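Asker: Have a look; sequence and predicted model below, questions after that.
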Amino acid sequence: MLTRLIRRGSAYEVNFNRLSWSSLKNRFPMTNVPIRSLQLSSSAQMGANKAAGAAFGKRTMPKNAVVSTFINTTILILMGSVGSLLYHKYQQKQKRLAKIDRVLPVSPYFKAPLKLVMYRNTVVTEEMVLDGTAERVEAFETRPTDIFLTSFPKSGTTWLQEVVFRLCNQNQDSTEILEDRVPYLEFPYPGIKDISQREGQRLIKSHLPLHLLPKGVWDGQGKVIYIYRNPKDVAVSYFHFAQLLSYLNFQGPFSRFVQLFVKDEIPYAPYFPHVNEYIQYSRDRPEQILCISYEDMKENPEREVRKIAKFLKADATDEMIESICEKTTFDAMKVNPASNYQHWKTFGLVLPNREPFMRKGIVGDHANYFKDPFTQNEMDKFIEIGVKNTGLNFRYSISNDN
C-alpha cells in the first residue's frame, strides 16, 4: 500500500504535519519515492502544518481526494520508472552508436532503404548494432562441441550445412527445415537465446567474419568450417539473392550491384578481408578451423567430404560418405523441402516470379553476366588489388561442371 488509510465515517484523514509541497518535491525523486512521507492520522481533523503555521487549518480530506493523491503519486512513480528506463536506453544507444565506424550511403536500388554501417571493419545493418545483436553474438557462450559453419554470403553455405548435418547424424534424413537444424547465429530467427538453450552438439551458421564471432571461438572453443567461392560467381549469386528477397528487392541492373560489391557497400563486405582472415587463421589453427573452396567441392565432392569428416573426427564409412555425396548434390537438395527454402514463399520472404533460392549451383556462371567491358574491368581491378593484398587465388572454372 502506498499509504495506510484509516477510515472514520465517510472521510479519510491525512496528517499534513509531515506533508508539504517542498517536502514532496524534495522527497519524491523520479526513481525513488519514499512512501513514508505520507502518513495518516487517527485524528478526525487534519493537523495544522507546523512549518506553515495555520496555513492549512483543520480540514477533512474527502475520500476522492485521497484516491486522487494515491493515483497522482502512482503516476509519478510510473513516470519516474519509465523516464529512468528511457534514459538508460538512450545511454545504451549512444554507446552503440559510438561503435559504428561510419554510415554507408543508402542505395536507391533497394525497394526499402537498407541502412548499412561499417562496424569493426565489416558492413552490417544498423539495426544489428543498435539492437544489441552484435554484442550478444560476441558474448555468446560457446561449447567445445559447437561447430560453426561460416562463409561470405552466397558461397555454398547451404550445401556445407547439409553435408555437416549428415556427417554428425549418421546420414539420417530429416524433414526439419535447415534453419532449425542449423540456426543462423546473427539472424532474429530462431534467435541467440534459442540457440543458447539447445542441448547437445550445436551446428551454427554465420556469415560474420572471424573477428566478429563469439569470444569463445577465439579462446579455442568449438570448431569452424569456412567455405569460400570465387568473387565473380559470388557477385552473380548475391545479385539474384538480393532481387529475390522481399525485404531487399534490389531493382537495379547487374552492373549497379557490382559497383556496390566492389565498393564494399553490401552486407558482410569487404569480401577479400573476409576470406583472407579465415584462411590465414586456419593455417595457424588447423585443428580448429578448416577452409574449403566451393570449386573444390564441385570438382570432387567425395574428397572434400572426407576432408570434413576427418576434421570433425566423424565416424563415417566409405558407404556413408558416398551416400552423403549423392544426397547433397545440387539437384537432390533443390527438390528437398527441408533444404530448398521453398517455405520462404509461405512467409512472404521471397518475391513471386523470381528465380528460386537454389538457382544453378555451378562454377563459372559469371561468364553469362560480365559481358559489359566497364563492369568486367571494375571487377578485374577489384580482384587484382585484393589478390595483391592477400595472396589469395581462386578458381573460376572446373572441368566437370556445366
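Answerer: That came through fine. Residues are numbered from 1 along each chain as shown.
Asker: Which elements pack onto the helix or strand hosting Ala242?
Answerer: Taking DSSP states H and E as the criterion, the element that holds Ala242 is helix 231-244. Using 3 or more Cβ pairs under 8 Å, 6 or more residues apart in numbering; DSSP states H and E, the elements in contact with helix 231-244 are helix 254-262, helix 271-284, helix 373-390. For the C-beta atoms, the positions are set from N, CA and C on the backbone; glycine is no exception.
Asker: redo that, cut-off 6 Å
Answerer: helix 254-262 (3 or more Cβ pairs under 6 Å, 6 or more residues apart in numbering; DSSP states H and E).
Asker: Give me the contact list for the helix it packs on.
Answerer: The list of residues contacting helix 254-262 from outside it, by Cβ atoms under 6 Å, 6 or more residues apart in numbering, reads Tyr109, Ala235, Phe239, Ile266, Tyr369, Asp372, Thr375, Glu378, Met379, Phe382.
Asker: Just name the closest of the residues you listed to Arg143, please.
Answerer: Compare each of these with Arg143 using Cβ to Cβ and the shortest gap goes to Ile266, at 32.0 Å.
Asker: Enumerate every residue touching that closest one.
Answerer: Leu260.
Asker: Let's see that with 10 Å instead.
Answerer: 104, 107, 114, 116, 123, 153, 235, 238-239, 242, 248, 250, 257, 260 (Cβ atoms under 10 Å, 6 or more residues apart in numbering).
Asker: and of those, the nearest to Gln170?
Answerer: If you rank those by distance to Gln170 using Cβ to Cβ, Pro153 comes first, at 29.9 Å.
Asker: does the closest one sit in a helix or strand, and which one?
Answerer: Pro153 belongs to no helix or strand, assigned by DSSP H and E.
Asker: For the closest residue to it other than its chain neighbours, give me phi and psi.
Answerer: Closest residue to Pro153 apart from its sequence neighbours, by Cβ to Cβ, 6 or more residues apart in numbering: His207 at 5.3 Å. Phi and psi for His207, reported as degrees, to the nearest 10, are phi -110, psi 10.
Asker: Confirm for me that Leu160 is in contact with Val224.
Answerer: No: using Cβ atoms under 10 Å, Leu160 makes no contact with Val224, being 11.5 Å away.
Asker: host element of Ile225?
Answerer: strand 223-228.
Asker: Centre of the chain to that strand, how far?
Answerer: With Cα atoms, centre = their mean, to the nearest Å as the basis, strand 223-228 stands 19 Å off its chain's centre.
Asker: Show me which parts of that strand are buried, residue by residue.
Answerer: Neighbour-count burial for strand 223-228, with 16 or more other Cβ atoms under 10 Å as criterion, is recorded at Lys223, Val224, Ile225, Tyr226, Ile227, Tyr228.
Asker: go on, stretch 173-181?
Answerer: Ile177, Leu178, Glu179, Arg181.
Asker: number of nearby residues for the nearest residue to the last one once chain neighbours are set aside?
Answerer: For Arg181, the nearest residue in space outside its immediate sequence neighbours is Phe165; the separation is 5.6 Å by Cβ to Cβ, 6+ apart. In terms of burial, Phe165 registers 23 neighbours under the definition other Cβ atoms under 10 Å.
Asker: and Phe165, what is it in contact with?
Answerer: Phe165 is in contact with 147, 149, 171-172, 174, 176, 178, 181-182, 203, 324, 328, 338-339, counting by Cβ under 10 Å, 6+ apart.
Asker: which is the next helix or strand following the helix or strand hosting it?
Answerer: Here Phe165, judged by DSSP H and E, is contained in helix 157-168. The C-terminal neighbour of helix 157-168 among helices and strands, as given by DSSP H and E, is helix 178-181.
Asker: Correct me if wrong: Asp101 contacts Leu116.
Answerer: No: in this structure Asp101 lies outside contact range of Leu116 using Cβ under 10 Å: 11.6 Å.
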